[in-house]
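When you get a sec, could you give me coordinates for this:
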Amino acid sequence: IRGAVLLLSGEFKAVTLLEDGLVRAGAGASLAAVCRFAQEHSLTGLEFAWGIPGSVGGAAYMDAGAYGGEMKDVVERVRHLTPAGEEGEAAGEALQFAYRKSRYTGGRDIITFVEYRLAPGDPAQISTQMEDLMARRKSKQPYDMPSAGSVFKRPEGYYAAALIEECGLKGRRVGGAQVSEKHAGFIVNTGGATCQDVLGLIGEIQREVFAQKGVRLETEVRVTGEA
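Presented below is the predicted three-dimensional model:
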């Protein structure tokens, strides 16, 4: 990677309650930490995010979502640092949330904090919903193997995993990278997989799906640096 890789820690990993229903989290905090914090403070709205891997900043950057919920439903404000070192923020429509993208996608501003507007809820019910969603994830997704999560965006009118499976690509391998036998939308590391293995397998999937189905799959994961 040509450039600096920043690991946000300290205050940038803290999760705090600013006022009733308003939670602020540092961009370096895990989504899991924020979901658990919300549950412990009897706040509902983030249950859908329980089990989504990654950080607060990354989730806001790409409008992460699952099971009918998305970051755009709960994020009220995002604070950032510009390349010039100036602090800024965006809120409401200025966040430009859309399917798997936001105003920050492809830009150079660094997300520092995210504020969530949540609603009062019953902690037991929130916990039950979180557990139910996690059970659904584990039953359908390869949680027992390392992966980068869902690889492809959902093409309009289709499901990427279904297209991949219909093309007979479940189990397809390139080096240590393999299309998951459990969920075709995931590429798992069976041992020693390299970036080149994963990118090579992604390319094979895209070419095969287009050849058989006429659908171009767009990646949901983002590749940084030079492979």
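
List of residues touching stretch 80-88?
Here stretch 80-88 makes contact (CB atoms under 8 Å, 6 or more residues apart in numbering) with 79, 89-90, 104, 108-112. Where C-beta positions appear, they are placed from N, C-alpha and C, glycine not excepted.

Of those residues, which belong to strands?
79, 89-90, 110-112 (DSSP state E).

If you rank the residues you listed by neighbours, which is first?
For the ones in strands among the contacts of stretch 80-88, the largest neighbour count, defined by other CB atoms under 10 Å, is 25 neighbours, found at Ile111.

List the residues that contact it.
Going by CB under 8 Å, 6+ apart, the list of residues near Ile111 reads 27, 56-57, 60-61, 78-80, 104.

Okay, and the beta partners of it?
Beta-bridge partners for Ile111, by DSSP bridges, are His80.

mind checking how far the one residue sitting closest to the centre of the chain is from Ala84?
Geometric centre of the chain, nearest residue: Ala64, 4.4 Å, by CA atoms, centre = their mean. Distance, Ala64 to Ala84, by CB to CB, to the nearest Å: 28 Å.

correct me, but Phe37 touches Val15?
Yes: judged on CB atoms under 8 Å, Phe37 makes contact with Val15 at a distance of 4.6 Å.

related to what we said a few turns ago, would you turn the contacts of Ile111 into JSON lines with pLDDT?
Converted to JSON lines, the contacts of Ile111 look like this (pLDDT from 0 to 100):
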{"residue": "Ala27", "pLDDT": "98"}
{"residue": "Val56", "pLDDT": "98"}
{"residue": "Gly57", "pLDDT": "97"}
{"residue": "Ala60", "pLDDT": "98"}
{"residue": "Tyr61", "pLDDT": "97"}
{"residue": "Val78", "pLDDT": "99"}
{"residue": "Arg79", "pLDDT": "98"}
{"residue": "His80", "pLDDT": "98"}
{"residue": "Tyr104", "pLDDT": "98"}
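
Just grab the bridge partners of the closest residue to Leu169 other than its chain neighbours for me.
Distances taken as CB to CB, 6 or more residues apart in numbering put Val179 closest to Leu169, at 5.3 Å, once the chain neighbours are dropped. Per DSSP bridges, the residues bridged to Val179 are Ile187.

Per-residue pLDDT of Val179, please?
Val179 carries a pLDDT score of 98 in this model.

Of the contacts of stretch 80-88, just say which sits nearest to Met134.
Taking CB to CB as the measure, Met134 lies nearest Ile111 of the contacts of stretch 80-88, at 25.8 Å.
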